[in-house]
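Novice: Here is my input, please return the structure:
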Amino acid sequence: MSDSRAVKIVLVVLGLITMTPVLALVTPAALEYYGLTQLAPMEEALLRHRGMMQLVLGAALVWAAFVPAVRVPVALAAIATKATNLVLTLSDPATRPDAPLFSTVFDTLAVLILIGVVAVRSRPAAERPAI
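Specialist: As a prediction, the model looks like this:
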């Protein structure tokens, strides 16, 4: 498998998984994944809006899989949002115990992978693999 094809697959998978919080728009029960069951109406609206934002970020990652010119800006946006979520969640002793393990591991791996994509894409074209 070529490096380019592997990067496409990784970006598509990262994008599709990133999109999953959009399920909160369809069913507020999707918020139970985060252990949230008794929400005030504004809290529910904000979390459902977050689902839409995750849909857009995930779609951008899928787009970046097929348009190499946008890989760096999309990867930087995903790194910023995912790292912010990790810092906000894991640095607070009140929220750390409730952080879903899958989301924490996924976001950490996504940040590391995307840093690699940025690093490779930032090298001069003659020195980098075709990703």
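Novice: which residue is nearest the centroid of the protein?
Specialist: Thr18 (4.4 Å; CA atoms, centre = their mean).
Novice: helices or strands up against the strand or helix carrying it?
Specialist: Using DSSP states H and E, the element containing Thr18 is helix 3-19. Helix 3-19 sits against helix 41-66, helix 71-90, helix 101-122, with contacts defined as 3 or more CB pairs under 8 Å, 6 or more residues apart in numbering; DSSP states H and E. In short, each C-beta sits where N, CA and C put it, glycine included.
Novice: And it, how far out from the chain middle?
Specialist: Relative to the centre of its chain, helix 3-19 is centred 11 Å away, using CA atoms, centre = their mean, to the nearest Å.
Novice: which element follows it toward the C-terminus?
Specialist: Going down the chain from helix 3-19, the next helix or strand is helix 23-26, by DSSP H and E.
Novice: what are the C-alpha coordinates of that following helix, in CSV please?
Specialist: The C-alpha coordinates for helix 23-26 follow below in CSV (Å, rounded to 0.1, in the frame of the first residue of the first chain):
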residue,chain,number,x,y,z
LEU,A,23,-25.8,11.6,16.6
ALA,A,24,-26.7,14.0,19.4
LEU,A,25,-28.7,16.0,16.8
VAL,A,26,-30.8,13.0,16.0
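Novice: who does that helix touch, helix- and strand-wise?
Specialist: On a contact count with 3+ CB pairs under 8 Å, 6+ apart, helix 23-26 meets helix 41-66.
Novice: The helix it packs on to helix 3-19, inter-axis angle?
Specialist: Orientation check (axes from the mean of the first three to the mean of the last three CA atoms, to 10 degrees): helix 41-66 against helix 3-19 gives 170 degrees.
Novice: could I get the helices and strands packed on helix 3-19 as CSV with mean neighbour count, distance to Tyr33 and mean pLDDT?
Specialist: Putting those into CSV (neighbours: other CB atoms under 10 Å; distance: least, CB to CB, whole Å; pLDDT from 0 to 100) gives the following:
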stretch, mean neighbour count, distance to Tyr33, mean pLDDT
helix 41-66, 16, 11, 94
helix 71-90, 17, 14, 97
helix 101-122, 16, 8, 94
